[in-house]
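Trainee: Sharing a model prediction with you, sequence too.
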Amino acid sequence: ASCRCLDLPLVPSPLFPSNYSIPSTMKTVLAAIFVASAAAFAPAKQSKTSTSACSASMSRSLPFLLEPPNLKGYVGAEAGFDPLGFSDYFDMKWLRESEIKHGRVAMLATVGYVLQEYWTIPGLTPCPDPNDAPTAVGIGSMLQIVFWGGVLEFWTNKGQVTMMDMFTDGDRVPGKLGFDPMGLAVGKSQDELDLIQYKEIKNGRLAMLAIGGMIHHNWITGETLF
């Protein structure tokens, strides 16, 4: 914008005589004020760039954290629960395989923990408190469980039992071992299979929490569950 108006003579007044002219320094100051005022009313330019934090969606289960991108495509991923960011550092297939296996073991453990209180395998020492069972059967029996568990793990994975080689076969689905003696997956659509998997994962997670709570209950209170 032009500032030619500053060169016009002033209207005579008691404050400014007719022969008075504005000094050049004052002209510069007034011009800067006019330019700043005009810029204040000009529309602000919107930035064309946006941060990834603004464009990314938030976790459904933890709304104050971003949705984990590596969970997409997995059953149960819509919850977006990965507060420690494990999926950013480890193979997601290996994590899901571990979760499913631990969940299955925990579901069996919760049933066995309660059953142990009321029933004992013939020939073994009764242990109403399952925490005493490992001591009652001895180290040999416990090592047998570890050994045969390792054999089963080695056999079902065809010797590929580490995180580096367990999923070298891209078609291998985590947790799918071909074990379905009751035919629960026969004749099911993909949506129905996803629902079955979702139920298994949810029950497995609950069982992992439950068995931990059962064991610590007996340790802390020194009493049985029921």
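Mentor: Thanks, I have it. Numbers count the residues shown, from 1 in each chain.
Trainee: which element is Leu195 on?
Mentor: Using DSSP states H and E, Leu195 sits in helix 190-221.
Trainee: can you check Gln116 too?
Mentor: Using DSSP H and E, Gln116 falls in helix 92-118.
Trainee: Which parts of that helix count as buried, going by neighbours?
Mentor: 92-93, 95-104, 106-107, 109-110, 113, 116-117 (16 or more other CB atoms under 10 Å). For glycine as for every other residue, the C-beta is placed from the backbone atoms N, C-alpha and C.
Trainee: next one: the very next helix or strand once past it to chain centre, how far?
Mentor: Sequence order places helix 133-137 as the next helix or strand after helix 92-118, per DSSP H and E. Computed by CA atoms, centre = their mean, to the nearest Å, the separation of helix 133-137 from the middle of its chain amounts to 38 Å.
Trainee: now swap in stretch 214-226 and tell me
Mentor: Centroid separation between stretch 214-226 and its chain, computed with CA atoms, centre = their mean, is 31 Å.
Trainee: Could you do stretch 148-168 as well?
Mentor: With CA atoms, centre = their mean as the basis, the mean position of stretch 148-168 lies at 26 Å from the chain mean.
Trainee: neighbouring contacts of it?
Mentor: Phe90, Asp91, Lys93, Trp94, Glu97, Arg172, Pro174, Leu177 (CB atoms under 8 Å, 6 or more residues apart in numbering).
Trainee: related to what we said a few turns ago, same for the helix holding Leu195, what does it pack against?
Mentor: The elements that helix 190-221 packs onto, with contact taken as 3 or more CB pairs under 8 Å, 6 or more residues apart in numbering; DSSP states H and E, are helix 92-118.
Trainee: how close does the residue nearest the centre of the chain sit to Glu153?
Mentor: By CA atoms, centre = their mean, the chain has its centre lying nearest to Asp82, at 1.5 Å. Separation of Asp82 from Glu153 (CB to CB, to the nearest Å): 25 Å.
Trainee: go on, Leu95?
Mentor: Leu95 is 16 Å from Glu153, where distance means CB to CB.
Trainee: And Pro126, by the same measure?
Mentor: Distance, Pro126 to Glu153, using CB to CB: 31 Å.
Trainee: Please apply the same query to Cys127.
Mentor: Relative to Glu153, Cys127 is positioned 27 Å away (CB to CB).
Trainee: So those two - more neighbours on which side?
Mentor: Neighbour count, other CB atoms under 10 Å: between Cys127 and Glu153, Cys127 has more, with 17 against 12.
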